[in-house]
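Chemist: Need the 3D shape of this:
(one chain, ligands or ions: 1)
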Amino acid sequence: MINVTMSFLPPLAEYTKYLESIWERCHLTNHGPLVFELEERLKEYFGVKHVFLMTNGTVALQIAIRAADLKGEVITTPFSYVATTSSLVWERCKPVFADIDETTFCISPAEIRKNITSETTGILATHVYGYPCPVDEIEKIAAEYNLKVIYDAAHGFGCRYQGKSLASYGDISMVSFHATKLFHTIEGGALFTNKDDLAHKISHMRNFGHNGPEDFWEVGINGKSSEFQAAMGLAVFPYLDNIISSRKERSDQYREELKSTSIRIPNVPAGLEFNYGYFPVFFSKESDLLAVKTALNAYQVYPRRYFYPSLNTVNYVEPQSCPVSEELSSRALCLPLYPDLKPAEVKMICRIIRETMDRL
Ligand SMILES: Cc1ncc(COP(=O)(O)O)c(C=O)c1O
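Modeler: Sure thing, here's the model as predicted:
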């Protein structure tokens, strides 16, 4: 069976070495030394002043929304994973969907402008597949209307744009370290910010609002990461370059094998050092996608419809029209991509795709 992804596991002995140190200290969670060590490594790797490891990316997003004091209307993208929208709704904000740009797959600045009202407090945008949002234009809009910007950079680990890590843009960025991501802590995520005031809020909010053992600064939640999660991150860290380069090799192979088809394969955007976290392809119509998906499934190959459905259509938001996102999400498919995927498997997947397309 070939799934859309397979988690990377470091050699067991390297994880065990960290576990032995946990056993020695009997410090399992609550800001232990491994969490601290991983946060320091992440700060250096991302070049961002403050990094807060969290138990997952979704709680991290919710804390970011609270820390940035978003309320009322928040302009967001319809083309993302559901956690982007659901976090806003969970935090009692109203998601207002600005349609995406069909070349970047990210939120369109012109559509953001159209949707700003007196109730708008911020923008929550996703660097979808690790492709950058138009960060400079978004920054300009935010300054003009005094809006906070949170980036869902769940897919952005290892991406650098215009010479800076993708997580260094906006007021706060969230990166997911879920087991399916190219860098992971089993479950996990982190918030990144260069702003001291936001960092102060985030650090208290992820720890129940504690300000010392018997004092509380404000309301908080439990967003802490454990030593076991941090241990996995530390054990995966040395393999990052290999993980990214083997993903690039598989992506290049897909591109070559599929170039004779009518499938649209997006190019890596200019100015982006890419992480090859996903291999999205776009069919010319949804029926082609469905035929290819069925054919692959018959060989036990399971690509994923990332991102489908368009989030402006989920049943708990007010219906809003986003034709570009609805159209693209009906035709987008992510093909299997992970370091252990064999070149022969990529070849077989592409052969099935080509043969199916030829029959359509
Ligand atoms: C765009 C996006 N946002 C948020 C999340 C949520 O992250 P987590 O699974 O770490 O809670 C994901 C997870 O896959 C995602 O793809």
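
Chemist: quick one, strands of the chain?
Modeler: 2-3, 50-54, 73-76, 94-97, 120-126, 148-152, 160-161, 164-165, 172-176, 189-193, 272-273, 280-282, 301-302, 332-334 (DSSP state E).

Chemist: now those strands in TSV, with mean neighbour count, distance to Pro33 and mean pLDDT?
Modeler: Every residue, glycine included, has its C-beta placed from N, CA and C. Putting the strands of the chain into TSV (neighbours: other Cβ atoms under 10 Å; distance: least, Cβ to Cβ, whole Å; pLDDT from 0 to 100) gives the following:
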stretch	mean neighbour count	distance to Pro33	mean pLDDT
strand 2-3	18	35	98
strand 50-54	25	12	98
strand 73-76	25	37	98
strand 94-97	22	39	98
strand 120-126	26	33	98
strand 148-152	26	29	98
strand 160-161	20	29	98
strand 164-165	18	25	97
strand 172-176	29	22	98
strand 189-193	28	17	98
strand 272-273	16	31	98
strand 280-282	20	39	98
strand 301-302	18	39	98
strand 332-334	22	37	98
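
Chemist: May I see the ones you listed arranged in a markdown table, with distance to Ile349 as well?
Modeler: What follows is the strands of the chain, written out as a markdown table (distance: least, Cβ to Cβ, whole Å):
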| stretch | distance to Ile349 |
| --- | --- |
| strand 2-3 | 7 |
| strand 50-54 | 34 |
| strand 73-76 | 33 |
| strand 94-97 | 33 |
| strand 120-126 | 26 |
| strand 148-152 | 29 |
| strand 160-161 | 29 |
| strand 164-165 | 31 |
| strand 172-176 | 25 |
| strand 189-193 | 30 |
| strand 272-273 | 25 |
| strand 280-282 | 11 |
| strand 301-302 | 6 |
| strand 332-334 | 11 |
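
Chemist: quick one: which of these is nearest Leu38?
Modeler: Within these, the stretch nearest Leu38 is strand 50-54; the backing value is 6.1 Å (Cβ to Cβ).

Chemist: How is the chain divided into domains?
Modeler: Here the domain assignment for the chain is 2-238, 240-359, based on automatic domain parsing.

Chemist: The closest residue to Ala231 other than its chain neighbours - how many residues pack around it?
Modeler: Using Cβ to Cβ, 6 or more residues apart in numbering and skipping residues adjacent in sequence, the residue nearest Ala231 is Tyr18, 3.6 Å away. Residues lying near Tyr18 (other Cβ atoms under 10 Å) number 19.

Chemist: re the thing from before, most tightly surrounded among the domains of the chain?
Modeler: domain 2-238 (a mean of 20; mean count of other Cβ atoms under 10 Å).

Chemist: Could you pick out the residues of the stretch 151-300 of the chain near the ligand for me?
Modeler: Asp152, Ala154, Ser176, His178, Gly189 (Cβ under 6 Å from any ligand atom).

Chemist: Ends of stretch 332-346, what's the gap?
Modeler: 18 Å (Cα to Cα, to the nearest Å).

Chemist: ok, and does it reach over to the ligand?
Modeler: No - Stretch 332-346 lies out of reach of the ligand by Cβ under 6 Å from any ligand atom, never closer than 10.9 Å.

Chemist: Start at 43, not 1
Modeler: Okay, using 43 as the starting number, the last item reads as stretch 374-388.

Chemist: Go ahead and measure how far that stretch is from the middle of the chain.
Modeler: Relative to its chain's centre, stretch 374-388 lies at 19 Å (Cα atoms, centre = their mean, to the nearest Å).

Chemist: Find the closest residue to the ligand in the stretch 43-192 of the chain.
Modeler: Gly99 (2.7 Å; Cβ to the nearest ligand atom).

Chemist: so who does that residue touch?
Modeler: Ala125, Ala196, Met216, Val217, Ser218, Phe219, His220, Gly230, Gly231 (Cβ atoms under 8 Å, 6 or more residues apart in numbering).

Chemist: how about a cut-off of 6 Å?
Modeler: Ala196, Met216, Ser218, Gly231 (Cβ atoms under 6 Å, 6 or more residues apart in numbering).

Chemist: so, if you compare these, which one comes nearest to Met48?
Modeler: For the contacts of Gly99, the nearest to Met48 is Ser218 (16.7 Å; Cβ to Cβ).

Chemist: right, and the closest one touches Ala196 too?
Modeler: Yes - using Cβ atoms under 6 Å, Ser218 makes contact with Ala196 at a distance of 3.8 Å.

Chemist: for the chain, what spans make up the helices?
Modeler: 54-67, 75-88, 99-109, 124-132, 151-157, 177-187, 238-247, 269-278, 282-299, 328-340, 365-373, 385-401 (DSSP state H).

Chemist: how about JSON lines for these, with mean pLDDT added?
Modeler: As requested, the helices of the chain are arranged in JSON lines below (pLDDT from 0 to 100):
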{"stretch": "helix 54-67", "mean pLDDT": "98"}
{"stretch": "helix 75-88", "mean pLDDT": "98"}
{"stretch": "helix 99-109", "mean pLDDT": "98"}
{"stretch": "helix 124-132", "mean pLDDT": "98"}
{"stretch": "helix 151-157", "mean pLDDT": "98"}
{"stretch": "helix 177-187", "mean pLDDT": "98"}
{"stretch": "helix 238-247", "mean pLDDT": "98"}
{"stretch": "helix 269-278", "mean pLDDT": "98"}
{"stretch": "helix 282-299", "mean pLDDT": "98"}
{"stretch": "helix 328-340", "mean pLDDT": "98"}
{"stretch": "helix 365-373", "mean pLDDT": "98"}
{"stretch": "helix 385-401", "mean pLDDT": "98"}
